[in-house]
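[1] here are the coordinates; sequence isn't available:
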């Protein structure tokens, strides 16, 4: 059974930075495409960024985060990261990590993922 555990969320002022981590266990991490999603109060969950399996040579970013967020993976640590810079209040939400085994990715749709973490809260104050 795949388990995903997010960490690194918190409260930050606008313009600040955070780095989220997602540690995976119980599956083949190298064979997994990974993604980050977020959900703000009263809004639907939306894709933030995604990275392909293996070396992570391909990435996807939502238009709203392009140039500010960077997704990366460390296969030796079974961990995917989301570096978030120049944070804005509209980036506030619960951030979820997701994975799918045996598919190359990157995928921007939640329908493409099979496993999900419990989420980590990110709050950006004005």
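    Sure, I can see it. These numbers were taken from a predicted model, which means no experiment stands behind them.
[2] and what about the residue nearest the centre of the chain, helix, strand or coil?
    Central residue of the chain (C-alpha atoms, centre = their mean): residue 36, 2.3 Å from the mean position. Classification of residue 36 by DSSP: H, G, I helix; E, B strand; the rest coil places it in strand.
[3] skipping its backbone neighbours, what lies nearest it in space?
    Computed as C-beta to C-beta, 6 or more residues apart in numbering, the closest residue to residue 36 that is not its neighbour in sequence is residue 48, at 4.4 Å. Using the backbone N, CA and C atoms, a C-beta is placed for each residue, glycine as well.
[4] and if you look at residue 87?
    residue 124 (4.6 Å).
[5] repeat that for residue 113.
    Residue 113 sits nearest to residue 98 (C-beta to C-beta, 6+ apart), 3.8 Å away.
[6] same thing with residue 116?
    Leaving aside its sequence neighbours, residue 116 sits nearest to residue 98 (C-beta to C-beta, 6+ apart; 5.1 Å).
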